[in-house]
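Undergrad: using only what follows, build the 3D model:
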Amino acid sequence: MLGLFDRLSAESELSGALRLQTGPLEPGSLGAVVDTVAVALSSGAACTAAARVLVAWLRTRTSDVTVRITGRDGVVGEVRSRNVRALGPEAVESYVNSLATTINAQAKD
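TA: Here you go, the predicted model:
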């Protein structure tokens, strides 16, 4: 999660819109684990930037990673690294645009 957070933080469109969240503290653990990157999206440009970074980050994962995208009204969808890893450049661009449109629609609701 920290790698994704770092990549998202590098995007000027997402400046000030990010925060890390931890899961519940388990008994006997040394501390809570960061399990969520919260992103407050307010524009189409921010949605596109977030989608672009998310897909690029997932394409670098060597294991199967699933990212759940949740809007105000619940889950918008899931993106899996195994579904985007083998995409060619045109397919990646199409996927990013589709994901950005979905995220943007949820952000406006």
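
Undergrad: next one: the lowest-mean-pLDDT helix or strand in the chain to chain centre, how far?
TA: When the helices and strands of the chain are compared on mean pLDDT, DSSP states H and E, strand 74-80 comes out lowest with a mean of 77. Its chain's C-alpha centre lies 10 Å from the corresponding centre of strand 74-80 when counted by C-alpha atoms, centre = their mean, to the nearest Å.

Undergrad: packing partners of that strand?
TA: The elements that strand 74-80 packs onto, with contact taken as 3 or more C-beta pairs under 8 Å, 6 or more residues apart in numbering; DSSP states H and E, are helix 44-59, strand 66-71, helix 89-108. Placement of C-beta: from N, CA and C, glycine included.

Undergrad: give me the sheet partners of it and which way each runs.
TA: Each strand paired with strand 74-80, and its direction, by DSSP bridges: strand 66-71 (antiparallel).

Undergrad: just the CA atoms of the strand it pairs with, as PDB, please.
TA: Taking only C-alpha atoms (Å, rounded to 0.1, in the frame of the first residue of the first chain), the coordinates of strand 66-71 have been written out as PDB:
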ATOM      1  CA  THR A  66      -6.900  -7.000  -6.000                       C
ATOM      2  CA  VAL A  67      -7.800  -3.300  -5.400                       C
ATOM      3  CA  ARG A  68     -11.300  -2.500  -4.200                       C
ATOM      4  CA  ILE A  69     -12.600   0.900  -5.300                       C
ATOM      5  CA  THR A  70     -15.300   2.200  -2.900                       C
ATOM      6  CA  GLY A  71     -17.400   5.200  -3.400                       C
END
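
Undergrad: now do it against helix 89-108, angle only.
TA: 40 degrees (axes from the mean of the first three to the mean of the last three C-alpha atoms, to 10 degrees).

Undergrad: residues of strand 66-71 that come out buried?
TA: In terms of neighbour count (16 or more other C-beta atoms under 10 Å), strand 66-71 has its buried residues at Val67, Ile69, Gly71.

Undergrad: tell me the mean pLDDT for it?
TA: Across strand 66-71, the average pLDDT comes to 84.

Undergrad: and the angle for that strand with helix 44-59?
TA: For strand 66-71 against helix 44-59, the angle by the same axes, to 10 degrees is 160 degrees.
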